[in-house]
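Colleague: just need the structure, nothing else, for what follows:
(chains A, B, C and D, ligands or ions: 4)
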Amino acid sequence: MSEAMMDTRPAAVKPKQATILEAINAALADAMADDDTVLVLGEDVADPEEGGVVGVTKGLSTRFGDKRVRSTPIAEQAIIGAAIGASLVGYKPVAEIMLMNFTTVAMDMIVNHAAKLRYMSGGQTHVPIVIRTMTGTGMSSGGQHSDYLEAWFAHTAGMKVVAPSNPADAYGLMRAAIDDPDPVLFIENLPNYWLKGDAAEAGHVVPLGKARIAQDGRDITIVSYSRTLTETLSALKAIEQAGISAEIIDLRTLSPWDEDTVLASVAKTGRLLVAHEAVEKHGLGAEIAAVASNRLFGKLKAPVARLGAPYTPVPFSKSLEDAYAPNAKRIAETVIAICKQQD
Amino acid sequence: MSEAMMDTRPAAVKPKQATILEAINAALADAMADDDTVLVLGEDVADPEEGGVVGVTKGLSTRFGDKRVRSTPIAEQAIIGAAIGASLVGYKPVAEIMLMNFTTVAMDMIVNHAAKLRYMSGGQTHVPIVIRTMTGTGMSSGGQHSDYLEAWFAHTAGMKVVAPSNPADAYGLMRAAIDDPDPVLFIENLPNYWLKGDAAEAGHVVPLGKARIAQDGRDITIVSYSRTLTETLSALKAIEQAGISAEIIDLRTLSPWDEDTVLASVAKTGRLLVAHEAVEKHGLGAEIAAVASNRLFGKLKAPVARLGAPYTPVPFSKSLEDAYAPNAKRIAETVIAICKQQD
Amino acid sequence: MADNLGPDGETLLGIYRRAALLKANDERSRKVITTGRLMMPYYSYRGQEIIPSALCASLTDEDYLVTIYRGIHDMLAKGMPLNDLWAEIAGRTGGTCKGKGGPMHLTYPKKGIMVTTGIVGSSMPIANGLAWGAQLSGDGRVAVATFGDGASNIGAFHEALNLAAVWKLPVVFVCQNNLYGEHTTYEKATAAKRVADRAVSYDIPGVRVDGNDPVEMYRASREAVDRARAGEGPTLIEAMTFRFHGHVFGDADGYMDKAQKAAAVAADPVPRLRARLIAEGIADEARLTAIEAEIDAAIDAAVEHALASPLPGLAELTTDVYGEAA
Amino acid sequence: MADNLGPDGETLLGIYRRAALLKANDERSRKVITTGRLMMPYYSYRGQEIIPSALCASLTDEDYLVTIYRGIHDMLAKGMPLNDLWAEIAGRTGGTCKGKGGPMHLTYPKKGIMVTTGIVGSSMPIANGLAWGAQLSGDGRVAVATFGDGASNIGAFHEALNLAAVWKLPVVFVCQNNLYGEHTTYEKATAAKRVADRAVSYDIPGVRVDGNDPVEMYRASREAVDRARAGEGPTLIEAMTFRFHGHVFGDADGYMDKAQKAAAVAADPVPRLRARLIAEGIADEARLTAIEAEIDAAIDAAVEHALASPLPGLAELTTDVYGEAA
Ligand SMILES: Cc1ncc(C[n+]2csc(CCOP(=O)(O)OP(=O)(O)O)c2C)c(N)n1
Ligand SMILES: Cc1ncc(C[n+]2csc(CCOP(=O)(O)OP(=O)(O)O)c2C)c(N)n1
Ligand SMILES: [Mg+2]
Ligand SMILES: [Mg+2]
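Modeller: Ligands and ions are numbered 1, 2, ... in the order given. This is a model prediction of the structure:
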């Protein structure tokens, strides 16, 4: 706040700032204002319940009424079922599953139904819902509240998966997700809710399936997303100091992922590191590494590398939790090691 | 049967034949006979309910009593919960989740609890359960009854995942799984239940984590498992006719997978195809391809290839279902194309 | 129940019309499989025909239905055309789902048949969403979820009924209690004396009726549908019935009580209703025979049309996975 | 309830001993967080102390407990040692789970504290398994699952109670109804008039008691535990109570009814029991003060011991994922 006040550029030049939390809230509000069929449901989402445990949906029920913004019982199958049913008859529900680990109690509804109804009905019906969920280490929440499970959903045909890393993308991806004709899982990072950045203009849309080049570079491509993208950006200085020019790609949409952008970048740099907070084994990076290694066979300067969480549940103790997800330091070290391999 | 009767080798030389179904049944029976703490539970598993819808647990409740072999309500969370609880106090429950798609209603119990309790308790408790489940295309069961979801569970630290392709392995892996101190998901292929092969001797154990070289070869390594391994063996003739010598590895344990055996083979052949029935994108093959491409960088003769199901739900119609999972013909064609690439 | 709820003679005849269609269609399905003309997982509903036949007398084409693998009777009663049905279960182009859904996933939105699910318990949470849509739109539509007795023991049942009750959704939950869930008896799986008793958990009306009695079933359904339409919230109906065949075609049903089954078959509700129509002078033998002949001919035509239709081409494998973003 | 169920004076004093420990431990926990000495997600149970204190009067160390994130009161009542507890919630070596579980996953098998879960509803299915083990072993042990009112709306509740009933398991389901699930009131989330009414769905005894009344809570628990031990199956106890603080530490609790909360705090059950002990001559002021001082000293020591203990080394990150195959 005080920083913003000290900015001396004229107001017209400097975009408004927003946190990711504010951006998602604005996207929901703008979508509801623009389209009467947009609905919000989930535990505690309405204002008598404070607009969500973190406040992402604050103000919506007051503004749009408690028929369109409904707090639910603790019953994730019922939540997703209600969203699916309403979506089949013309509504665009945005359902919250409070934490990503709680998708485990709604997997049938998400995977066997939301993702498949279009196909199984031969295209007669479709399920335009958004499932918002938050996750991430860094809050000392331990083994059952911190997992990144995006690989499960990316493995599920019929769904899309999105994970923004900054406020403008959060806004634009949410608008795209709401208007997408198919189920979209929208992954929010808990510690990054309060990350500030340029706010999106109202109506800004980030098309699903398009990655963003967050930083141009020549020597190595780093593909990441969500909070790990933030860590990657923080690693940049150390990487540059080692004399390495890194191209950083924010995947943003995890499924379908933007093969064209990633492969073009790796074709240019010859090196690839995929970094994410999810467990490395069988994580999203496996698919990207498999595709890049296959498609750029013989053209790479180094083996495709991955950096993810170890093959363990998320530990509670701070000393262990801090060592769990890839952070700026480990990303920088890994990048430097990869680029040194061939030197 | 008539074939067996016509066999002229002396009985001592020719091992007894068994189907995979019989092998699993025998493994359960032998384990229950050897160890009073082994239990069986699941929908219809007891004899008044005919020992399971396919008969895998037939005879067990009659022999070991209906306290140790219990049919359950249709309530998969309750089933896995009961298994977990009993396992915490000295029992070794084998729980059936009838079809793999129904794991979706028990994911919380499997992933947040069974897989994590050892870690979250700092090793004070552990969950020696086996979760048996069947799946597979070929039965015209459509979108909600045929999926291979092993990649989800392989991504979950704390679990092991097993998928036999023949009767002897089915027996030996089940015995190992029951005695393993951690939760093991045991995947049975529905159409392959009636596949015959050499029966295992009573007490035969196949250690978890060890792959089997089903066929020695020089030019390419094919890694597969479950029914796709059967298809791969059927592809062998066409592959050989094309002048290609293929080494076929039956992974058997999908998590942890046998990196040593696979990498040694690929180091020798220089080529790798991973084939499975699960959706290719983000499937088990992605991890194996990522590891092999990374570890054997610069030493491969061809890019690592994968063959899996398309990125769609499983269709009902026979014409589409037949085209869904990799079969012998497509495996042979792919192998030949890979080996021709460099010729 | 108030006495003016009916059904009158016309309504009873309408119920019979549906029930006769359902019965004939089940018999034909089993025959077509037995003779090897068609392969599919088939869950016979023979014996349960009266339930949807009486229920649908109170529903319009605009009302929603979510049913299950054992649900072809529900769909036919709700108006699924025979041609679309048969082409689908034969996996042919021209099937209502282009052959991609099959017998467990038939869908026909034109008659409100929105979802057919193969996952026990899943019909209920989705029906809630349809009902929520109706509540929001204020269009007076009602959603019906059908499911089995076994399904009343799974978590989704509980979550769905509770949500429907707290949101006062226009939804009717119809449990077709055929006394078995696969091979397991009601008593062995279900702690409640009656499924209907479980309505207490949601403070909604719960009623157990003889689902094989068209009058009881009609009245209970009508009352529940009227309540839902009037904005008074959900109802749980437990319709007692019996499944004449094994769980799935090919199942030897050795686990079923022989005497119980024989008694149920002897009390076959469809001929019973037929006899009643004649006895009460609602329709005579000739009229009913004509109706049945018409049904047979329509099924004949649908079966032959289906089996003569081409299988889908390979391009269909990868369509309908995603739509086009706007 | 039979009048000879007690509790007698000694038992009441035992309940107070536990309740005083629980109350002091909660106050200390919040203080240690407020003063920045410790960071953790903390779910205060202040106001709910009587429930486990009275319940555990009927349990032995061999009986099993499965509790939830808001469950430190349950564990302490069941006998979790303060040192192991505090080192764990501080994430230190020497914690009962070596610091890897934390406040939501405390485990202490030596006192039967088998699982603590952070997933709403999950305590119940697992408690069934422990009870199944006891039933098989014939060792007379009882399993207790505790959970909140909100948890009574999730599928796992329903599945678990039904299975426990059909299997007649020695398990007691204790719903601590504090009128809120996170920010949502009981009424807004729960269709049943009482959670206890839901026992009808499982044909088991269901009883609502004032969980803040040590006598009511003791009697209901004792009856349920005795039933379970006698092989008569599960019981559902709904213990009415109130959560004095927000859902989680740091939650501003603006959604809570101010007057309701003030009334609940004014009727704080722990000092109420204290006063009663004195009024009934069960213990005098001096004795109670001594007990409280002892508790404070023990907590002091545990906190200081925990905060002085080292954090786990990095090797711990990857241990305890798998055991050694035999
Ligand atoms: C979640 C889940 N578990 C198990 C099954 C396997 N299954 C299919 S039908 C069935 C029995 C259902 O019984 P009920 O609800 O009484 O319906 P009915 O078949 O008798 O009509 C079972 C267990 C399933 N489809 N879904
Ligand atoms: C399956 C699941 N959904 C949501 C949550 C988030 N959550 C944690 S506690 C809680 C409220 C539970 O309320 P209640 O059962 O009444 O217990 P209380 O916290 O009041 O003791 C919720 C919704 C969760 N942990 N698990
Ligand atoms: Mg049934
Ligand atoms: Mg509560």
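Colleague: who in chain C is up against ligand 3?
Modeller: C:148-150, C:178, C:180-181 (Cβ under 5 Å from the ion). C-beta coordinates here come from the backbone N, C-alpha and C atoms, glycine included.
Colleague: mind redoing it with 8 Å?
Modeller: C:70, C:148-151, C:176-181, C:186, C:243 (Cβ under 8 Å from the ion).
Colleague: of these, which is the nearest to ligand 2?
Modeller: C:Ala151 (20.9 Å; Cβ to the nearest ligand atom).
Colleague: ok, how many other residues are close to the closest one?
Modeller: With neighbours defined by other Cβ atoms under 10 Å in any protein chain shown, the count for C:Ala151 comes to 23.
Colleague: now swap in A:Ile336 and tell me
Modeller: Other residues close to A:Ile336 by other Cβ under 10 Å number 18.
Colleague: any idea which element it lies in?
Modeller: helix A:328-341 (DSSP states H and E).
Colleague: tell me what that helix is packed against?
Modeller: On a contact count with 3 or more Cβ pairs under 8 Å, 6 or more residues apart in numbering or on different chains; DSSP states H and E, helix A:328-341 meets strand A:220-224, helix A:226-241, strand A:272-279, strand A:305-309.
Colleague: what about those, which gets the closest to ligand 3?
Modeller: strand A:272-279 (40.2 Å; Cβ to the ion).
Colleague: kindly calculate the angle that the closest one makes with strand A:220-224.
Modeller: 20 degrees (axes from the mean of the first three to the mean of the last three Cα atoms, to 10 degrees).
Colleague: can you tell me the strand partners of strand A:272-279 and which way each runs?
Modeller: strand A:220-224 (parallel), strand A:305-309 (parallel) (DSSP bridges).
Colleague: just checking, next helix/strand downstream of it?
Modeller: helix A:284-295.
Colleague: now that following helix, how far from the chain's geometric center?
Modeller: 19 Å (Cα atoms, centre = their mean, to the nearest Å).
Colleague: average pLDDT across that helix?
Modeller: Averaging pLDDT along helix A:284-295 gives 98.
Colleague: same list, the helices and strands packed on helix A:328-341, but as JSON lines with mean neighbour count, distance to A:Gly158 and mean pLDDT please.
Modeller: Listed next are the helices and strands packed on helix A:328-341 as JSON lines, based on neighbours: other Cβ atoms under 10 Å in any protein chain shown; distance: least, Cβ to Cβ, whole Å; pLDDT from 0 to 100:
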{"stretch": "strand A:220-224", "mean neighbour count": "29", "distance to A:Gly158": "24", "mean pLDDT": "98"}
{"stretch": "helix A:226-241", "mean neighbour count": "21", "distance to A:Gly158": "22", "mean pLDDT": "98"}
{"stretch": "strand A:272-279", "mean neighbour count": "27", "distance to A:Gly158": "21", "mean pLDDT": "98"}
{"stretch": "strand A:305-309", "mean neighbour count": "24", "distance to A:Gly158": "25", "mean pLDDT": "98"}
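Colleague: for the closest residue to ligand 4 within chain A, give me its contacts.
Modeller: Residue of chain A nearest ligand 4, by Cβ to the ion: A:Ile74 (9.3 Å). By Cβ atoms under 8 Å, 6 or more residues apart in numbering or on different chains, A:Ile74 lies in contact with A:43, D:120-121, D:150-151, D:153-154, D:181-182, D:184, D:189.
Colleague: the residue nearest to it when sequence neighbours are not counted - how many residues pack around it?
Modeller: Nearest residue to A:Ile74 in three dimensions, chain neighbours excluded: D:Gly150, at 4.5 Å (Cβ to Cβ, 6 or more residues apart in numbering or on different chains). A total of 27 residues lie near D:Gly150 under the criterion other Cβ under 10 Å.
Colleague: hmm, D:Gly150 is touching D:Ala189, no?
Modeller: Yes. The pair D:Gly150 / D:Ala189 is scored as a contact, 5.9 Å apart, by Cβ atoms under 8 Å.
Colleague: give me the nearest residue to the residue in the stretch 201-326 of chain C that chain B sits nearest to, chain neighbours excluded.
Modeller: Among all residues of the stretch 201-326 of chain C, C:Leu311 sits closest to chain B, at 3.8 Å; criterion: Cβ to the nearest Cβ. Among residues not flanking C:Leu311 along the chain, B:Ser319 sits closest, at 3.8 Å (Cβ to Cβ, 6+ apart).
Colleague: C:Gly211 now?
Modeller: C:Ala239 (2.8 Å).
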